[in-house]
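Enquirer: here are the coordinates; sequence isn't available:
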């Protein structure tokens with residue numbers, strides 16, 4: 001796979017994550033969303049580095065680091081509850097915490 005193909009695949013990963021979140025198919029704190037964002041933006045950041053595209057490098061590098069931090073936070077939430085791992089692929093891992101099931105953040109009751 002050449003460099004251009006990798007960048008296209010990375011861009012499609014980012015777009016897929018965003019689209020799935022926009023249509024409510026995955027949560028924006030789900031492992032799948034964060035993993036797609038981390039990997040896609042890291043590949044684009046490496047391409048930007050190689051092409052001396054500093055603005056794109058700052059954007060994609062930051063995006064990758066922030067996604068990595070979110071992914072680490074989600075994984076640490078799941079360490080105490082490994083049975084919730086599969087659900088956390090598309091849901092917010094915090095939603096499975098005791099006392100929070102069924103509640104959505106940002107909604108009024």
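Expert: Nice, I can see it. Because the structure is predicted, anything quoted here is derived from the model rather than measured. Numbering: from 1, shown residues only.

Enquirer: need the next SSE after the helix or strand where residue 75 lies, C-terminal direction.
Expert: Per DSSP states H and E: residue 75 is located in helix 54-78. Where DSSP H and E defines the elements, the next helix or strand beyond helix 54-78 is helix 85-88.

Enquirer: Which neighbouring elements make contact with that next one?
Expert: Packed against helix 85-88 by the contact rule (3 or more CB pairs under 8 Å, 6 or more residues apart in numbering; DSSP states H and E) you find helix 54-78. (C-beta placed from N, C-alpha, C; glycine too.)

Enquirer: hmm, who's touching the helix it packs on?
Expert: Residues from elsewhere that reach helix 54-78, judged by CB atoms under 8 Å, 6 or more residues apart in numbering: 29-31, 34-35, 37-38, 41-42, 44-45, 48-49, 84-85, 88, 93-94, 97.

Enquirer: For the residue nearest in space to the middle of the chain, which non-adjacent residue is spatially closest?
Expert: The residue lying closest to the centre of the chain (CA atoms, centre = their mean) is residue 34, at 1.4 Å. Residue nearest to residue 34 in three dimensions, not counting chain neighbours: residue 71, with 4.2 Å by CB to CB, 6 or more residues apart in numbering.

Enquirer: By mean pLDDT, which helix or strand of the chain comes out lowest?
Expert: Least confident helix or strand, the chain: helix 85-88 with a mean of 76, by mean pLDDT, DSSP states H and E.
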